[in-house]
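> Provided below are the primary sequence and the corresponding predicted coordinates.
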Amino acid sequence: MIYQYRNNGYNIVLDVNSGSVHVVDDLVYEVMDMLNKGKNTEETMEILGRKYDPDEVAEALSECRELKNQGMLFTEDIYKGAIQLFQKRETVVKALCLHIAHDCNLACRYCFAEEGEYHGRRALMSFEVGKKALDFLIENSGNRRNLEVDFFGGEPLMNWQVVKDLVAYGRSQEKLHDKKFRFTLTTNGVLLNDEVMEFANREMGNVVLSIDGRKEVHDFMRPFRSGAGSYELIVPKFQKFAKSRNQENYYVRGTFTRHNLDFAKDVLHLADLGFKQISMEPVVAPATEDYALRMEDVPAVCEQYDILAKEMIKREKEGKGFNFFHFMIDLSGGPCVYKRLSGCGSGTEYLAVTPWGDLYPCHQFVGEEAFLLGNVEEGIVRKDICGQFKNCNVYAKEKCQECFSRFYCSGGCAANSYNFTGRIDDVYEIGCQLQRKRVECALMIKAALAED
Amino acid sequence: MKHIKTLNAKGLQNTVKSGGCGECQTSCQSACKTSCTVGNQSCENGK
């Protein structure tokens, strides 16, 4: 399968199944189009020979043939069998999202956790429940050595002592079980202070700092319960935190909505504040919400990705570059096909734990009673639900079969699919369109930076 | 090549045999939490 597109003056050809990316001239771009439509060499020669020098066309065809022989063009999807076999393996739990506090000191308008409460009551996780969650993770992780625990909420700093105690407990178990914990923290910054930063810099492999960009955008969507904005309070703390981590192993992470469809400005605002690791996610919300993205907004959002991509190339060349999470692609390394095609691991390798120890397939399913899997005392009770998630790979989704982006999104988010289609093995169409655009931009950036 | 510049030589086909160890990071633990992004994750064995 070949996917070809033009962006920012570059002709890009992606050989989907091998992941090979080629930047080609106009002639090869047309040759590729012909071959992709099933024309043979003679037909291509005849049609394009009218427009180009026939020797050049022959040369272009020869180069395409050479790449094909090297397994970098027109490769077949040979993975289905391997992925289906891989899917049948005995899975282990390798990551937990600990909902350390179902409470929040902000009242963000788009919060899928509904101000931290997740369709339930306000609650803080006790050390005892957290400890059982870590024990559950160790017990169910098989031979997997690296274990991930994200302290999530609500706002985890509202239950900070328990976070610290759980980190200490986790560390005490590492040698006993030959495991290595990778702790991460997601925070809105309201309660962030020097002590938290020092602890996090010592113990947390990554921190995610929530901020939406420009002051007016951020304060509108992320106010305190009183209605006051939170931007002024958090920005200096986040700047200090990012600097203290040497501008690595963190993300400032925002959400854009229909209210700021010009979100490239927000990303650039964060870059102008000095942040080097930036993520900005499209809001995922029911169509009934005024801030929800609509299908008609997709062209405007795609245009913003183009604007952002061009500006990022410019800044990179000026020595002022930054990372944008959704444009990051490792072309030479990157994950294996199993990782790329077998889904995110929700409901199997990755689980969310509520303050009272209930287990859900992921943080976005918390509070959806139909997806309650069990709890940290008894373990997984509803193995049937886990089985549904286990089968949720790219090949289970009809719409992914024709999509070039499937090696970059792994079939998309099950929670998004469920929220928009009622099924976990379908796709969220707006999300898919944006994903494809982001991959296009990411590859174009690689092409532009490979030029010099 | 005169007409084509290839940005990456490593084929995904090669990872069918070498991959699948499962030691890599869970995608939602990095920064997304509301989408699914695996293309930018790194391979734990490649580090």
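Nice, thanks for sending it over.
> the residue in chain B that chain A sits nearest to: what's it in contact with?
Across chain B, no residue is closer to chain A than B:Gly19, which sits at 2.4 Å (Cβ to the nearest Cβ). C-beta here means a position set from N, CA and C on the backbone, and glycine is covered the same way. Neighbouring residues of B:Gly19 by Cβ atoms under 8 Å, 6 or more residues apart in numbering or on different chains: A:Pro335, A:Cys336, A:Val337, A:Tyr338, A:Lys339, B:Cys43.
> immediately after the lowest-mean-pLDDT helix or strand in chain A, which helix or strand?
None of the helices or strands of chain A scores lower by mean pLDDT, DSSP states H and E than helix A:80-87, at a mean of 85. Next in sequence after helix A:80-87, counting helices and strands by DSSP states H and E, comes strand A:95-102.
> packing partners of the least confident helix or strand of chain A?
Helices and strands touching helix A:80-87, by 3 or more Cβ pairs under 8 Å, 6 or more residues apart in numbering or on different chains; DSSP states H and E, are helix A:337-341.
> let me know whether the helix it packs on sits next to chain B.
Yes. Using Cβ under 8 Å from any Cβ of the partner chain, a contact is recorded between helix A:337-341 and chain B, made by A:Val337, A:Tyr338, A:Lys339, A:Arg340.
> give me the helices and strands touching that helix, please.
helix A:80-87, helix A:406-409, helix B:15-18.
> from the chain's centre, how far out does the longest one sit?
Relative to the chain's own centre, helix A:80-87 is displaced by 23 Å; criterion: Cα atoms, centre = their mean, to the nearest Å.
> now that helix: buried residues?
Across helix A:80-87, burial judged by 16 or more other Cβ atoms under 10 Å in any protein chain shown covers A:Ala82, A:Ile83, A:Phe86, A:Gln87.
> please list the outside residues in contact with it.
Helix A:80-87 is contacted by residues A:Val337, A:Tyr338, A:Leu341, A:Ser342, A:Lys390, A:Asn391, A:Asn393, A:Val394, A:Tyr395, B:Val16, B:Gly20 when judged by Cβ under 8 Å, 6+ apart.
> find the nearest non-adjacent residue to the closest residue to chain B within chain A, please.
Residue nearest to chain B within chain A: A:Cys336 (2.4 Å; Cβ to the nearest Cβ). Counting by Cβ to Cβ, 6 or more residues apart in numbering or on different chains, A:Cys336 lies nearest to B:Gly19, which is 2.4 Å off, once chain neighbours are set aside.
> just the pLDDT for that neighbour.
What the model reports as pLDDT for B:Gly19 is 87.
> same deal with B:Lys10?
pLDDT at B:Lys10 comes out at 69.
> with A:Lys240 instead?
Turning to A:Lys240, the model gives it a pLDDT of 98.
> who wins for proximity to A:Val283 among the helices and strands packed on helix A:337-341?
The minimum distance between A:Val283 and these falls on helix A:406-409, with 17.5 Å, by Cβ to Cβ.
> and the following helix or strand past that closest one, C-alpha only, in CSV?
Sequence order places helix A:414-421 as the next helix or strand after helix A:406-409, per DSSP H and E. The C-alpha coordinates for helix A:414-421 follow below in CSV (Å, rounded to 0.1, in the frame of the first residue of the first chain):
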residue,chain,number,x,y,z
ALA,A,414,-11.1,2.5,22.4
ALA,A,415,-12.7,5.1,24.7
ASN,A,416,-13.1,7.6,21.9
SER,A,417,-14.6,4.9,19.8
TYR,A,418,-17.0,3.8,22.6
ASN,A,419,-18.1,7.3,23.3
PHE,A,420,-19.0,8.1,19.7
THR,A,421,-20.1,4.8,18.3
